[in-house]
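A.B. asks: sequence first, predicted model second:
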Amino acid sequence: MAKKTELQRRILLAAYNNPRLSQSQIASRVGCSSSYVSQVLNRFDSLDAMEADIEQLNIELGFDPYADLHDDWTLDGDPDWYAGEDFNADIDKAIRDGVEGLKVLTKKTKILIRKLRD
């Protein structure tokens, strides 16, 4: 994924989610000039707009939108339960958080698939 500024991401999301908006309407929504909207839309394509949507989802879920999914994940320090905390409570919370995250991801994925089919 190409790194985008927050403004570029907002422009792409506005255009992607509202395909009937004019460039000046997008500019009004995101707070920039219509010429900058034109530059961003000319630089990035619809795939970049979909990536911006995924990046935004990652941000909402608390993930780094540019994290490399192939990096090895390591634990920094001992987990809380290692020092005598309740292991089962930590696991239960992690499972609940994971399920909630998957619900959001599933909903967002269905929306993206519908958009790609249209």
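C.D. replies: It's in.

A.B. asks: could you measure from Gln25 over to Ser34?
C.D. replies: Taken as CB to CB, to the nearest Å, the spacing of Gln25 relative to Ser34 amounts to 9 Å. For every residue, glycine as well, the C-beta is placed using N, CA and C.

A.B. asks: hmm, I was thinking of Leu47
C.D. replies: Taking CB to CB as the criterion, Leu47 is separated from Ser34 by 23 Å.

A.B. asks: more neighbours: which of the two?
C.D. replies: Higher neighbour count among Leu47 and Ser34: Ser34, with 14 against 10, using other CB atoms under 10 Å.

A.B. asks: how about the contacts made by that one?
C.D. replies: When contacts are counted by CB atoms under 8 Å, 6 or more residues apart in numbering, Ser34 is found next to Gln23, Ser24, Ile26, Ala27.

A.B. asks: make a ChimeraX selection of the buried ones in the residues you listed.
C.D. replies: The command below creates a ChimeraX selection of those among the contacts of Ser34 that count as buried (16 or more other CB atoms under 10 Å):
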select :23,26,27
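
A.B. asks: got the contacts of Ser34 as TSV, with distance to Arg43 and secondary structure columns?
C.D. replies: Rendered in TSV, the data for the contacts of Ser34 read as follows (distance: CB to CB, whole Å; DSSP: H, G, I helix; E, B strand; the rest coil):
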residue	distance to Arg43	secondary structure
Gln23	13	helix
Ser24	18	helix
Ile26	14	helix
Ala27	15	helix
